[in-house]
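S.K.: let me see the structure of the following:
(2 chains)
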Amino acid sequence: MSEKVLMKGNEALAEGAIRAGCRFFAGYPITPQNEVPEYMSWRQEETGGAFVQAESEVSAVNMLYGAAATGVRAMTSSSSPGVSLKQEGISYMAGADLPCLIVNIMRGGPGLGNIAGAQGDYTQATRGGGNGDYRTLVLAPFSVQELANFPKKAFELSEKYRIPAMILADGILGQMMEGMSYDFEPVDPKTLPQPAWAIGGKHADRKRNMVFSYALGEGELEKMVLKRAERYALIERDEVLYEERDTQDAEVLIVAYGISARASIAAMNMARANGVKAGLLRPITLWPFPTKRIAELSKKVKAVLCVEMSMGQMKVDVDLAVKGSCPVYLHAKPGAFFPVAEEIATAAESALNGKKDQLFSLEDLVKNAENKTYAVNNPICKEGALL
Amino acid sequence: MNAITKRPSALTEAQFHYCPGCGHSVVHRLTAEVIDELNIKDRAVVVAPVGCAVFADKYFDVDSIQGPHGRGPAIATGIKRAKPDSIVFSYQGDGDLASIGMAEIVHAAARGENITVIFINNTIYGMTGGQMAPTTLVGQVATTAPKGRNEKLQGNPINVSEMLAQLKSAKYIERVSSDSAPNIIKAKKAIKKAFQNQIDGLGFSFVEVLSICPTNWGTTPLKGLDFLREKMMAQYPLGVFKDVTAANKEGK
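M.R.: Got it, this is the predicted structure:
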């Protein structure tokens, strides 16, 4: 345990990775995650680790591929368009069964989008994102406290299953300051076991190791993919993380992750004050998704409300869990726009009453967007802001 | 009886899949001999490319990693920075290094990474079937330039060694050839120096090896060698383009 201090999300995350024993970082500047490489640039040096400012996201992730292959705790961080570029290396690392950590501090998309926090990369993160049949283990923090402490969890899970792990947060979490403390003692990387498969270093005492993702012999690739699928099944069975609030008597279940869950907690309390029995399920691992628990709860509630800063990407997983047991509604805030507690509370009430007027309708979203004064509501979106 | 030659211990017993006449086999052997002679087998790491040398990891009996197309120098950077006592070499062809991986090689050189890069230039994409490479000569026929590379449409070949030699942090850049016994002996010396530089911590070392691809050039190995000597060497002159390692050793 460390003392409770006020810290910015991105810096708390970077320090959390260092404390977890991360001794390699490669990255490339992109808003809103720049504090991560900036912090790492001096902190890795201070702790005897390596920091490289790469020439591109593609190079950064391939540096990570090389470093991860040596068995050190290694990471890269970026934001949405940059994470798209990293998919090449993520696919290779998944194919080579390497543990590593990739952080995505999401911003608005598609394309250049904008630099405000968003949740539009849910599908990319949870389905693999790159080419081929693979998954990444995705952790979704909802506070600076979790941003700070999840790197250790991510490294441990990543090493246990030899799978790339991703921390999927957003620009709001990355940029905001909160009281936080580390709930673990700093890890000395020297105490971590050197994996038997790792390459590099002097190794007179062992045979050579090979790190690769290809399998060209007949049937070889199928075997590799199936072996990986067996590990994925274990992850889905044993590693699902979620948080529940007020679900015992809930009639409407809000499902939200990350910053959307923060607003949803306030919304839930508002709804309860108005006599609406709302509960919250917050997925902490997005893959594996808490499918089983949502399925159970969907049989007890009258409606489910998905709150996300994307056009129903998470709702797909919720629908797959609910399987028609009750209606599933969507309160979508696309385009890097922050969900507001009052609106979520109203949406929860409408969902419970089966009214669709306050819920997802493209027409309403378009109308609302036209009436908003973005410069007032969301100052970082105003004209002339740096990209 | 005394054995006068044998398989270098840094080569596995796997049979090369390279076509008759291909320069990869020669350069693999030279590299393996150098690894043996420098006694670095237990800390060498080969970064295998995408292209004909993709299975270099099967042939070198050292730690290996096979990476995405063109990213060898970035992967080598990651390995070397994470495990500085490794001796890391990226083995790449001209499509891999001079086209899709141009950013990675330029920036690894610009950063002065203490790695070794072996660059096989045979002016063509081999693995995919003879498409035009950035190194294809003007007029040379390729499957994506069936009338020959047209300067007006496809520009001129890139001379990578000359280009990298402009970078201050690149320490040793040499172009050699695999066409004849004397040149092969010179090539081995260059490769050995490029590894020795890394052992000595001197910085980025790069050896470009001119090589033939009879299969995709649609010719015989002997005629291919003529093409290399007459045409390739005119575009790609052999020589040392940069060597500041001697000065470094003296602490200058």
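S.K.: any weak-confidence spans in chain B?
M.R.: Per-residue confidence for chain B (pLDDT under 70) gives these ranges: B:247-252.
S.K.: redo that, cut-off 90
M.R.: Across chain B, the stretches falling below the confidence threshold (pLDDT under 90) are B:1-5, B:245-252.
S.K.: interface residues of it facing chain A?
M.R.: B:42-43, B:45, B:47-48, B:54, B:57, B:61-68, B:71, B:74-83, B:85-86, B:88, B:103-104, B:106-107, B:111 (CB under 8 Å from any CB of the partner chain). From N, CA and C alone the C-beta is placed, and that goes for glycine too.
S.K.: can you select the buried ones among those for me in PyMOL?
M.R.: When burial is assessed using 16 or more other CB atoms under 10 Å in any protein chain shown, the buried subset of those is captured in PyMOL by this command:
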select buried, chain B and resi 42+43+45+47+48+54+57+61+62+63+64+65+66+67+68+71+74+75+76+77+78+79+80+81+82+83+86+88+103+104+106+107+111
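S.K.: the longest helix seen in chain B: how far from the chain's middle?
M.R.: The helix of greatest length in chain B, counted in residues with DSSP state H as the criterion, is given as helix B:181-199. A distance of 11 Å separates the C-alpha centroid of helix B:181-199 from that of its chain, computed with CA atoms, centre = their mean, to the nearest Å.
S.K.: which elements pack onto it?
M.R.: In this structure, helix B:181-199 packs against helix B:23-37, strand B:87-93, strand B:116-121, strand B:170-177, strand B:204-210, with contacts taken as 3 or more CB pairs under 8 Å, 6 or more residues apart in numbering or on different chains; DSSP states H and E.
S.K.: find the centremost residue of chain A, please.
M.R.: Nearest residue to the geometric centre of chain A (CA atoms, centre = their mean): residue A:168, 1.7 Å.
S.K.: quick one: what helix or strand has that residue in it?
M.R.: Element membership for residue A:168 (DSSP states H and E) is strand A:164-170.
S.K.: unless I'm mixing things up, the residue nearest to the centre of chain A is touching residue A:120, no?
M.R.: No - assessed by CB atoms under 8 Å, residue A:168 is found out of contact with residue A:120, at 10.9 Å.
S.K.: can you name the residue of chain B nearest chain A?
M.R.: The shortest separation between chain B and chain A is 2.7 Å, found at residue B:78 (distances taken as CB to the nearest CB).
S.K.: what is the burial count for the spatially closest residue to that residue that is not a sequence neighbour?
M.R.: The shortest distance from residue B:78 to any non-neighbouring residue, by CB to CB, 6 or more residues apart in numbering or on different chains, is to residue A:66 (2.7 Å). Applying the criterion other CB atoms under 10 Å in any protein chain shown, we find 36 residues in the vicinity of residue A:66.
S.K.: got the contact list for residue A:66?
M.R.: Under the criterion of CB atoms under 8 Å, 6 or more residues apart in numbering or on different chains, the contact partners of residue A:66 comprise B:47, B:65, B:67, B:74, B:75, B:76, B:77, B:78, B:79, B:80, B:82.
S.K.: checking my notes, it in a helix, right?
M.R.: Yes - for residue A:66, which was evaluated using DSSP: H, G, I helix; E, B strand; the rest coil, the result is membership in a helix.
S.K.: got the buried residues for the longest helix of chain B?
M.R.: Of the residues in helix B:181-199, those buried by neighbour count under the rule 16+ other CB under 10 Å are B:183-184, B:186-188, B:190-198.
S.K.: just to revisit the earlier point, who touches both of residue A:168 and residue A:120?
M.R.: Each of residue A:106 lies in contact with both residue A:168 and residue A:120 under the rule CB under 8 Å, 6+ apart.
S.K.: ok, now which ones touch the closest residue to residue A:55 other than its chain neighbours?
M.R.: Here the nearest residue to residue A:55 in space, its sequence neighbours aside, is residue B:107; by CB to CB, 6+ apart that works out to 3.9 Å. With CB under 8 Å, 6+ apart as the criterion, the residues that contact residue B:107 are A:54, A:55, A:59, B:73.
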